[in-house]
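Chemist: 3D, please:
(one chain, ligands or ions: 2)
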Amino acid sequence: MDVENNKCGHDACGCMVSNGEDYCSSYCESAGDGDITDLKCDCGHSNCS
Ligand SMILES: [Zn+2]
Ligand SMILES: [Zn+2]
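Modeler: Ligands and ions are numbered 1, 2, ... in the order given. Next comes the predicted model:
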C-alpha cells in the first residue's frame, strides 16, 4: 500500500494527508461521512478554495 502522498478522502479536497490519516481536517472527515455534499472543500488550506 502506498503510504506517501495520500490524498484527502474528501473528493473535493486536493490536500495531501500524513501517513495513516484519511482526511486533512475535521471538515473533510465530516464530508467524507456523507453529511456534507459541497462541491468545494472548505478545510481552509491554501490549495482548496
Ligand atoms: Zn481541502
Ligand atoms: Zn481535505
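
Chemist: who in this protein is up against ligand 2?
Modeler: Counting by CB under 5 Å from the ion, the residues of the chain close to ligand 2 are 8, 10, 13, 15, 24, 28, 43. (Glycine included, C-beta is placed from N, CA and C.)

Chemist: change it to 6 Å
Modeler: Counting by CB under 6 Å from the ion, the residues of the chain close to ligand 2 are 8, 10, 13, 15, 23-25, 28, 41, 43.

Chemist: helices along this protein, start to end?
Modeler: Under the criterion DSSP state H, the chain contains helices at 26-32.

Chemist: tell me where the model's unsure across it.
Modeler: 1-5, 32-38 (pLDDT under 70).

Chemist: do that again at 80, thanks
Modeler: For the chain, the stretches flagged by pLDDT under 80 are 1-5, 31-40, 47, 49.

Chemist: how about the strands of it, start to end?
Modeler: 6-7, 16-17 (DSSP state E).

Chemist: got the contact list for the residue nearest the centre of the chain?
Modeler: In the chain, the residue lying closest to the centroid (CA atoms, centre = their mean) is Cys8, at 3.2 Å. Residues near Cys8 by CB atoms under 8 Å, 6 or more residues apart in numbering: 14-17, 22-25, 28, 41, 43.

Chemist: closest one of the residues you listed to Ser49?
Modeler: Of all the contacts of Cys8, Ser49 sits closest to Cys41, with 8.2 Å by CB to CB.

Chemist: could I get the contacts of Cys8 as JSON lines with neighbour count and distance to Ser49?
Modeler: Shown next, in JSON lines, are those (neighbours: other CB atoms under 10 Å; distance: CB to CB, whole Å):
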{"residue": "Gly14", "neighbour count": "14", "distance to Ser49": "10"}
{"residue": "Cys15", "neighbour count": "19", "distance to Ser49": "12"}
{"residue": "Met16", "neighbour count": "14", "distance to Ser49": "16"}
{"residue": "Val17", "neighbour count": "18", "distance to Ser49": "18"}
{"residue": "Asp22", "neighbour count": "12", "distance to Ser49": "22"}
{"residue": "Tyr23", "neighbour count": "20", "distance to Ser49": "18"}
{"residue": "Cys24", "neighbour count": "25", "distance to Ser49": "14"}
{"residue": "Ser25", "neighbour count": "20", "distance to Ser49": "14"}
{"residue": "Cys28", "neighbour count": "26", "distance to Ser49": "14"}
{"residue": "Cys41", "neighbour count": "23", "distance to Ser49": "8"}
{"residue": "Cys43", "neighbour count": "21", "distance to Ser49": "10"}
